[in-house]
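Student: Need a 3D model of the sequence below.
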Amino acid sequence: MSPLTHIPLPLRIRIIYEDDDIVVVAKPPHLRTVPGNAAEPLTPQQPQYSASQAWKHVVCNYAKTLTQPQDEIDTFLCQISQVDHYAKCLPHKWKPFQSFVKRNWSKYGASTFAAVNNKNEDVTITLLPRIFQRLSNAQRRLLPKATSPEESVLGQLCLLYPTTTANQWHIVHRLDCATSGVLVVGRTSLAAAALCRAWRERLAVQKVYWAKVHRLPADRTEEWQTINDALKPSPNERLKWEISTDADAKECTTLWRRVNDDDHYLELKPITGRTHQLRVHCAAHFGGIVGDTLYGNEKDDRQRLYLHAYQLSFPHPRTQEPVTFVQDPEW
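Tutor: Just a heads-up that it's a prediction; the model follows:
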């Protein structure tokens with residue numbers, strides 16, 4: 001496979017290195033690694049929910065969203081939204097939803113619909129699809145919109161190598177959508193398997209990031225220092241993680257030091273690879289990364305996150321010899 005001589009206009013990645021086994025790319029900010037839901041907004045907005053979180057929010061708050069019910073379905077949903085133990089357990093998949101409501105129909109549904117429906121009516125056929133559709137429509141309004149395939153490294157590779165398809169590329173690791181820097185992609189399943197094993201077993205894999213933060217401690221030492229703050233997913237927001245001392249929190253270690261004795265620039269080495277690890281640790285210890293509207297200063301209106309994957313080292317999947325790739329940030 002060889003890339004196009006003429007780079008098409010939508011292309012946003014740049015090839016740093018390629019051979020028969022791997023392609024190393026420079027990823028710009030605000031580009032996903034793989035297609036999926038839209039990235040976090042550049043300005044703070046309402047929390048972004050997972051599918052189950054959005055469903056629970058809709059069910060539990062249905063009565064608060066209406067000035068008055070428009071029909072018997074609204075009346076029913078308003079009633080169950082006020083029964084916490086029922087609303088919080090209502091499944092968001094069709095078959096479990098169907099079974100759950102039928103089991104509880106005599107308690108919560110029959111009185112609502114008794115005046116307008118025949119008692120012998122099969123609620124599964126006539127009412128439950130309408131109720132489920134009403135909730136599903138409200139749920140979808142809370143979910144982030146899907147991005148186009150081209151708005152991802154995977155899609156960009158398919159643009160650059162037009163004879164390939166997405167399933168011919170093998171994503172080994174990822175960078176946050178807002179983070180720029182070095183990313184390696186496997187060209188074959190064998191290469192991807194070797195790289196995944198190296199990542200999983202931490203075999204000579206080293207990542208170095210640069211970040212611009214809002215503040216640093218007064219200590220001017222340039223020696224590596226350690227942050228050990230365990231993380232767990234936020235219970236309320238789809239995108240966010242938070243520092244926690246709970247037993248189920250995941251171990252999380254970051255090394256950091258100043259870059260050239262600068263007051264704002266850090267060199268970061270994540271020893272573990274948790275989601276948003278560097279962003280959460282920097283928010284807790286350095287006032288946040290500049291441009292981080294998710295964990296940092298919410299009034300920050302910069303158009304990018306100042307976090308860059310500067311260096312990536314790993315054993316080459318064919319030779320097992322260590323290789324290192326460096327990409328300077330465009331700051």
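
Student: remind me which residues of this protein are low pLDDT?
Tutor: 1-9, 37-48, 108-125, 238, 261-262, 297-302 (pLDDT under 70).

Student: any idea whether the spatially most central residue of it is helix, strand or coil?
Tutor: By Cα atoms, centre = their mean, the mean C-alpha position of the chain lies nearest to L239, the distance being 5.4 Å. Using DSSP: H, G, I helix; E, B strand; the rest coil, the secondary structure recorded for L239 is coil.

Student: do the same with the one 3 residues further on
Tutor: When the structure is split into helix, strand and coil by three-state DSSP, E242 lands in strand.

Student: residues in contact with the residue nearest to it when sequence neighbours are not counted?
Tutor: Setting aside the residues directly before and after it, E242 is nearest to S234 in space (Cβ to Cβ, 6 or more residues apart in numbering), at 5.2 Å. For every residue, glycine as well, the C-beta is placed using N, CA and C. S234 makes contact with K240, W241, E242, according to Cβ atoms under 8 Å, 6 or more residues apart in numbering.

Student: Where is the longest strand in this structure?
Tutor: For the chain, the strand with the greatest residue count under DSSP state E is strand 307-315.

Student: quick one: the strands in the stretch 201-331 of the chain?
Tutor: 206-212, 225-228, 231-233, 241-243, 253-258, 265-270, 307-315, 322-326 (DSSP state E, counting those that start in this stretch).

Student: I'd like those laid out as TSV, including distance to R200 and mean neighbour count.
Tutor: Formatted as TSV, the strands of the stretch 201-331 of the chain follow (distance: least, Cβ to Cβ, whole Å; neighbours: other Cβ atoms under 10 Å):
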stretch	distance to R200	mean neighbour count
strand 206-212	14	21
strand 225-228	21	14
strand 231-233	19	18
strand 241-243	21	18
strand 253-258	17	18
strand 265-270	15	20
strand 307-315	12	22
strand 322-326	17	15
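
Student: now for the ones you listed, which one comes closest to F76?
Tutor: strand 231-233 (32.2 Å; Cβ to Cβ).

Student: Distance check, Q68 against D74.
Tutor: 8 Å (Cβ to Cβ, to the nearest Å).

Student: ok, now D84?
Tutor: Applying Cβ to Cβ to D84 and D74 gives a distance of 19 Å.

Student: ok, these two, which is more surrounded?
Tutor: D74 (17 against 10; other Cβ atoms under 10 Å).

Student: Which residue, other than its chain neighbours, is closest to that one?
Tutor: What sits nearest to D74 in space, not counting adjacent residues and going by Cβ to Cβ, 6+ apart, is L66, at 6.2 Å.

Student: And C196, by the same measure?
Tutor: V172 (5.9 Å).

Student: For burial, what's the neighbour tally of the one you found?
Tutor: Going by other Cβ under 10 Å, the residues that sit close to V172 add up to 20.

Student: Wait, it touches W199, no?
Tutor: Yes - under the criterion of Cβ atoms under 8 Å, V172 makes contact with W199 at 6.4 Å.

Student: On the three-state scheme, S99 is what?
Tutor: When classified by three-state DSSP, S99 comes out as helix.

Student: The nearest residue to R174 once chain neighbours are set aside - how many residues pack around it?
Tutor: Of all residues not flanking R174 in the chain, T33 sits nearest, at 4.1 Å (Cβ to Cβ, 6+ apart). Counted with other Cβ under 10 Å, residues neighbouring T33 total 18.

Student: how close does A218 sit to H264?
Tutor: 14 Å.

Student: With Q79 instead?
Tutor: 55 Å.

Student: Tell me which of those two has more neighbours.
Tutor: Neighbour count, other Cβ under 10 Å: between Q79 and H264, Q79 has more, with 18 against 15.

Student: which SS class is that one?
Tutor: Relying on three-state DSSP, one would call Q79 helix.

Student: before we move on, what about K64?
Tutor: Going by three-state DSSP: K64 is helix.

Student: My read is that L183 contacts V24, right?
Tutor: Yes - counting by Cβ under 8 Å, L183 touches V24, with 7.2 Å between them.
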